[in-house]
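J.: Quick one, what's the 3D model for this:
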Amino acid sequence: MFSLTSLIRRAAQINPNVIATADADRQTLWRDFPERIARLAGGMQQLGITNGERAAILALNSDRYYEFYFAVSWAGGVFVPVNTRLAVPEVIHWLKDSATRVLCVDDAFLPMVAQLQAQVPTLEHIVYLGDDTVTDTKPWDEIAETDAVADAGRCNDDLAGLFYTGGTTGRSKGVMLSQSNLVVNALQAAPILQMQTGDRILHTAPMFHIADWCMCVGAAIVAGSNYFLSGFEPVQVMKSVARQRIQKMLMVPTMINMVVHHPDLHKHDLSSLETVMYGASPMPEAVIKRALQKLPHTRLCQAYGQTEAAPILTMLRPEYHTVDTQSPYQGKLQSAGQAVPGVELAILDSNNEPVPQGEVGEVCARGPNVMLGYRNLQEQTAATLKQGWLHTGDGGRMDEDGFLYIVDRVKDMIISGGENVYSAEVENVLFQHPAVAQCAVIGVPDDKWGERVHAIVVLKQASHADESELIAHCKAAIASYKCPRSVTFREEPLPLSGAGKILKTELRQPFWEGRERNVG
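T.: Residues are numbered from 1 along each chain as shown. As a prediction, this is how the structure comes out:
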């Protein structure tokens, strides 16, 4: 039986006297955690969260966020984590689409509540996660004083959570993930991350994102201790790792880049940090090399996947993160790793047929972690789950050892003069220039070529490079047709989604505005 709530009962059995959650001056031991969850679940049931009803959360990272996930499941409900970067109309769409009855918010999002209540007819109760007194809300700790209730027993194929897609390329879709989907995927990842009983885990990546949710489940599997930062700030991350002797954490590549290039990195003792899992977007090889140099005691582990896969499909194990040309593991650093146990990968063409080894096609997968489907979207579900395969929308190729190489999102591919250009390949080359801090490669309109390759670059502080220098740098490494034909420099950081992905749709918009075709 696969059940989220069974994990926390086991954790209480095998590691009762270890911290389950610690946040500022609050902490709960594993021996007390199931009882607290049972009480919170009782309060949730009094608010109507039973038998598959939806409860959403719009909040920054905290121990209460962690409790929310398990309390809703114990009550028999379905949790809906909401992206904290959304505008009010987007939040309204998520809540209406999911028919959410209860919304949990913290201080950061209280100002939205009145608009949400006015626009979401199913929304009946607001639960306040903060410590102050707020009228017309139910305080989280007051809910925790409810009588404990029995576990509702949701398991296996029962719906556990609705995780909405980012919506950066279209309308957000509610990905329905079962209890099995979520538990199995964490079990698939835990051995590769070398998670051990009692691991100390820091949550700094946004907890609404399914990648950090995988770490939440992993912590329950190994009865580990969860520590929380409300958001990412490199100095605070370094201080927390040093102070709490953190062993495992998840960061997206932009976060790792900021830490390993921080001028104060040497002031903090990060020797306890055993493993960092990263994903959500490609990590430039130059950043990997920097991390290996600056964090010599830390293993890096890449995870590739998507929300529809709960979310991990492949992992590049730590031993393959090497630049040692004599190592038997060298040569795989640009890959996304191999399929995790239980996942079958295939590279398929537009006719759903396998392509020859080494050729580019669409990355497809099947396994017990693949979603139930999209909520209320039968056509989109059928288009994504075809003939038993999850179609990821990513272009990739596979080598003779089963290592997957992602070339780009299929829909993000630039077609210039009839040639396919994969932006991730160009970005990787640009990142190797010593002056480049951030970059994004997009297709922009061109009267001659249809689209031309365009780079948007943020330079490192006190560094200099001009357009011709960067183009020449690319031409020395990749074919001329792949190289940027133009470069825009900007001082402000590139726009990021809540999951740390560069918002290329936002970057493209000024170039394609007013045109019939909008590459996106």
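J.: ok, and the closest non-adjacent residue to Met238?
T.: Among residues not flanking Met238 along the chain, His268 sits closest, at 3.9 Å (Cβ to Cβ, 6 or more residues apart in numbering). Glycine gets a C-beta too; all of them are placed from N, C-alpha and C.
J.: quick one: pLDDT of the one you found?
T.: At His268, the model reports a pLDDT of 98.
J.: Asn420 now?
T.: According to the prediction, Asn420 has pLDDT 65.
J.: Please point out which parts of stretch 379-391 sit buried.
T.: Thr381, Thr384, Leu385, Trp389, Leu390, His391 (16 or more other Cβ atoms under 10 Å).
J.: still on that earlier bit, next one: the residue nearest to Met238 from Arg243, what distance?
T.: As judged by Cβ to Cβ, to the nearest Å, His268 and Arg243 stand 9 Å apart.
J.: Next, the distance between the ends of stretch 493-504.
T.: Using Cα to Cα, to the nearest Å, the end-to-end distance of stretch 493-504 comes to 13 Å.
J.: Repeat that for stretch 16-26.
T.: Start-to-end span of stretch 16-26 (Cα to Cα) is 17 Å.
J.: repeat for stretch 66-85
T.: Stretch 66-85 has an end-to-end distance of 19 Å (Cα to Cα).
J.: in it, what counts as buried?
T.: Buried residues in stretch 66-85 (16+ other Cβ under 10 Å): 66-84.
J.: care to break the chain down by domain?
T.: 4-314, 335-409, 418-512 (automatic domain parsing).
J.: from the buried residues of stretch 379-391, which is closest to Asp264?
T.: Leu390 (42.5 Å; Cβ to Cβ).
J.: Might you report the residue contacts of that closest one?
T.: Glu308, Ala309, Cys364, Ala365, Arg366, Val370, Met371, Thr384 (Cβ atoms under 8 Å, 6 or more residues apart in numbering).
J.: What segments of the stretch 351-500 of the chain are helices?
T.: Listed in chain order, the helices of the stretch 351-500 of the chain (DSSP state H, counting those that start in this stretch) span 378-384, 423-431, 467-475.
J.: out of those, deepest packed?
T.: Most buried of these, by mean neighbour count (mean count of other Cβ atoms under 10 Å): helix 423-431, with a mean of 22.
J.: Export that helix to CSV, keeping only CA atoms.
T.: The C-alpha trace of helix 423-431 is given here as CSV (Å, rounded to 0.1, in the frame of the first residue of the first chain):
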residue,chain,number,x,y,z
SER,A,423,18.5,27.1,-27.3
ALA,A,424,19.9,25.1,-24.4
GLU,A,425,22.9,24.1,-26.5
VAL,A,426,23.6,27.8,-27.3
GLU,A,427,23.1,28.9,-23.8
ASN,A,428,25.5,26.3,-22.5
VAL,A,429,28.2,27.8,-24.8
LEU,A,430,27.4,31.4,-23.8
PHE,A,431,27.7,30.4,-20.1
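J.: what's the angle from that helix to helix 467-475?
T.: Relative orientation of helix 423-431 versus helix 467-475 (axes from the mean of the first three to the mean of the last three Cα atoms, to 10 degrees): 120 degrees.
J.: I am finished for the moment; much appreciated.
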